[in-house]
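>>> 3D model of this:
(one chain, ligands or ions: 1)
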Amino acid sequence: MSDVTITPRKNGPYRVEGPIKLVDPEGNAFTVNEPVIFLCRCGHSGNKPFCDGTHKTIGFQADTKAPTTAATE
Ligand code: FES
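Prediction:
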């Protein structure tokens, strides 16, 4: 079981909770001092990879749901 939980928020960012290490493409670590961070999912943040709230002003729409399995016999 993972200690990290990633939750796509409705019409918003990825909420990431748990002990994480976030690095750039060269492997340099971002300073993450919070137990929960929000990563941009809309692609319009001015502070990528973090969400800066821009998704609200651009009307970003995404309601990601995990697939559920129907009970079958
Ligand atoms: S998801 Fe918030 S700015 Fe992109």
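
>>> Need the phi and psi values for residue 5.
In terms of degrees, to the nearest 10, the main-chain angles of residue 5 are phi -120, psi 130.

>>> Neighbours of it, how many?
Using other CB atoms under 10 Å, residue 5 has 10 other residues around it. C-beta here means a position set from N, CA and C on the backbone, and glycine is covered the same way.

>>> Could you check how far it is from the ligand?
From residue 5 across to the ligand, the span is 17 Å (CB to the nearest ligand atom, to the nearest Å).

>>> Write out the residues of this structure neighbouring the ligand.
By the rule CB under 6 Å from any ligand atom, the part of the chain lying against the ligand is 12, 13, 40, 41, 42, 44, 45, 51, 52, 53, 54, 55.

>>> where does the fifth one land on pLDDT?
Residue-level confidence at residue 42 comes out at 98, pLDDT.

>>> Let me know whether it touches residue 55 as I believe.
Yes. If you go by CB atoms under 8 Å, residue 42 and residue 55 touch, sitting 4.1 Å apart.

>>> Overlap in contacts, those two.
Common contact partners of residue 42 and residue 55 (CB atoms under 8 Å, 6 or more residues apart in numbering): 12, 13.

>>> got the buried residues for stretch 40-52?
Using 16 or more other CB atoms under 10 Å as the test for burial, stretch 40-52 gives 40, 41, 42, 45, 51.

>>> can you list those residues in CSV and add secondary structure and distance to residue 30?
Shown next, in CSV, are the buried residues of stretch 40-52 (DSSP: H, G, I helix; E, B strand; the rest coil; distance: CB to CB, whole Å):
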residue, secondary structure, distance to residue 30
40, coil, 13
41, coil, 17
42, coil, 19
45, coil, 14
51, coil, 13
